[in-house]
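In: for reference, the sequence and a predicted model appear below.
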Amino acid sequence: MGREHLSFPLRGPLPLLKERKRVVFHQTSLLGEPKACHVKCVWVMALAFKKIDGLYPMAQYNTMGIVLRRMAFGETDNILTIYTRDRGRVSAIAKGARKAGSRLTGASEVLTCANFGLATGKSLHVLQQAEVKNSFPALRKDLMRLAHGQYMAELLSHFVAEDDPQPDLFTLLRSTLLLLERIADPEMASRWFELRLMERIGYAPDLETCAVCGEPVPGPSTDAADRFALSAAQGGVLCPYHARPREIDDHSELSYDAVDFVQHVNAHDLEHIRAVLSVAPPSHATATQARLALRRYIRYRCDSDLRSIAFMDSLG
């Protein structure tokens, strides 16, 4: 391929080139005559973007990911937060995704799992193409299930960093969304996800022994009338002797049934996720205690409240 010398102003849009050419950037004086200046020579190739991120083509890559968040940008674009299997959490702009008939519209929906074709940028990656693998349709037909899925997405996003790949967390989210489609009570899916996520990021509560004395919980001398607690500060469950939920704010009260329920949910790891479907649904009181206790345990490790919780609570 032959080389040509082309001259363009230093300012203004860079034209798209069909082949490799040598481009000389120069400045002109007010009279329109060439002005002595520092000259840069670069090799450029055709780019399919309205704005160029630097002087070189952006590196492209393909990865599977799940959309955690979507935010409208400009008149027709979306900015997406995607949790990818190979790159961790990334932020990308989907140009024209809000236009009618855009091929990026479906893949830009929150809680959509897709194979994404992306190009790296300095601040935002650029979504070029996407092939939807699972849109989790059962979640979109049930507002409560959808709310629990959005809660899981926000919770994961809060505890992971940009460009920090953890493939097991991607698998955890995808598997839990599939579970959420099938399970009778979405609350159980959320409890299981909370416990597995805390485990994988190093914050798992000890639910088998008292965080103070180390005795088994429930112990051989306990009965259904005893009251336990979950302590975020001490990192685990407390036996009836050390639980002080009415005196210590950090102690979230748990009944005997609530402890039993949380332990049964926690017993199933990711490899045995199907077994969660067989856990007996708890009573309303038991489910409420477990939800509030784990919510407070997680909030202790967060630096802000999760907006999705308010939405879930508003649904009753």
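Out: Ah, there it is.
In: give me the below-cutoff pLDDT ranges for the stretch 51-200 of the chain.
Out: 51-57 (pLDDT under 70).
In: ditto for the stretch 201-316 of the chain
Out: Using pLDDT under 70, the stretch 201-316 of the chain drops low at 220-221.
In: pull out the buried residues from the helix or strand hosting residue 294.
Out: If you go by DSSP states H and E, residue 294 is part of helix 284-299. Using 16 or more other CB atoms under 10 Å as the burial criterion, the residues of helix 284-299 that qualify are 286, 287, 289, 290, 291, 293, 294, 296, 297, 298. Where you see a C-beta, it was placed from the backbone N, CA and C, and this is true even at glycine.
In: shouldn't residue 77 be in contact with residue 98?
Out: Yes - assessed by CB atoms under 8 Å, residue 77 is found in contact with residue 98 at 6.9 Å.
In: still on that earlier bit, after the helix holding residue 294, which helix or strand is next? Please name it.
Out: helix 307-314.
In: about what we covered before: in JSON lines, list the buried residues of helix 284-299 along with distance to residue 254.
Out: As requested, the buried residues of helix 284-299 are exported to JSON lines (distance: CB to CB, whole Å):
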{"residue": "286", "distance to residue 254": "9"}
{"residue": "287", "distance to residue 254": "12"}
{"residue": "289", "distance to residue 254": "6"}
{"residue": "290", "distance to residue 254": "7"}
{"residue": "291", "distance to residue 254": "11"}
{"residue": "293", "distance to residue 254": "6"}
{"residue": "294", "distance to residue 254": "10"}
{"residue": "296", "distance to residue 254": "11"}
{"residue": "297", "distance to residue 254": "11"}
{"residue": "298", "distance to residue 254": "15"}
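In: so which of those residues comes closest to residue 103?
Out: Closest approach to residue 103 among the buried residues of helix 284-299 (CB to CB): residue 298, at 37.6 Å.
In: starting at the chain centroid, how far to stretch 168-178?
Out: Relative to the centre of its chain, stretch 168-178 is centred 10 Å away, using CA atoms, centre = their mean, to the nearest Å.
In: same check, this time on stretch 109-124
Out: Stretch 109-124 sits 12 Å away from the centroid of its parent chain (CA atoms, centre = their mean).
In: what does the helix holding residue 294 contact?
Out: Under the criterion CB atoms under 8 Å, 6 or more residues apart in numbering, residues 155, 185, 187, 190-191, 194-195, 198, 205, 229-230, 232, 252-255, 257-258, 261-262, 281-282, 305, 309 lie in contact with helix 284-299.
In: repeat the analysis, applying 6 Å as the threshold.
Out: 187, 194, 205, 230, 232, 252, 254, 257, 258, 261, 262 (CB atoms under 6 Å, 6 or more residues apart in numbering).
In: if we can go back for a sec, farthest-apart pair in the buried residues of helix 284-299, please.
Out: For those, and using CB to CB, no pair is farther apart than 286 and 298, which are 18.7 Å apart.
In: and for the nearest residue to residue 236 once chain neighbours are set aside, the neighbour number?
Out: In this structure, residue 236 finds its nearest non-sequential neighbour in residue 206, 3.2 Å apart by CB to CB, 6 or more residues apart in numbering. The number of residues packed near residue 206 is 15, by other CB atoms under 10 Å.
In: which parts of this structure are helices?
Out: Under the criterion DSSP state H, the chain contains helices at 137-140, 143-159, 167-182, 186-200, 256-266, 284-299, 307-314.
In: quick one: the shortest one to chain centroid distance?
Out: Yep, that's helix 137-140 we're talking about. 18 Å.
In: name the residues of that helix that are buried.
Out: Buried residues in helix 137-140 (16+ other CB under 10 Å): residue 139.
In: mind listing residues that contact stretch 223-241?
Out: Contacts for stretch 223-241 (CB under 6 Å, 6+ apart): 205-207, 210-211, 215, 217, 243, 245, 250-254, 256, 259, 293, 297, 300.
In: cutoff 8 Å now
Out: 205-213, 215, 217-219, 222, 242-245, 248, 250-259, 293-294, 296-297, 299-301.
In: which of the residues in it are buried?
Out: The neighbour-count check on stretch 223-241 (16+ other CB under 10 Å) flags 226-232, 234, 236-240 as buried.
In: nearest to residue 105, of those?
Out: Of those, the one sitting nearest to residue 105 (CB to CB) turns out to be residue 232, at 41.3 Å.
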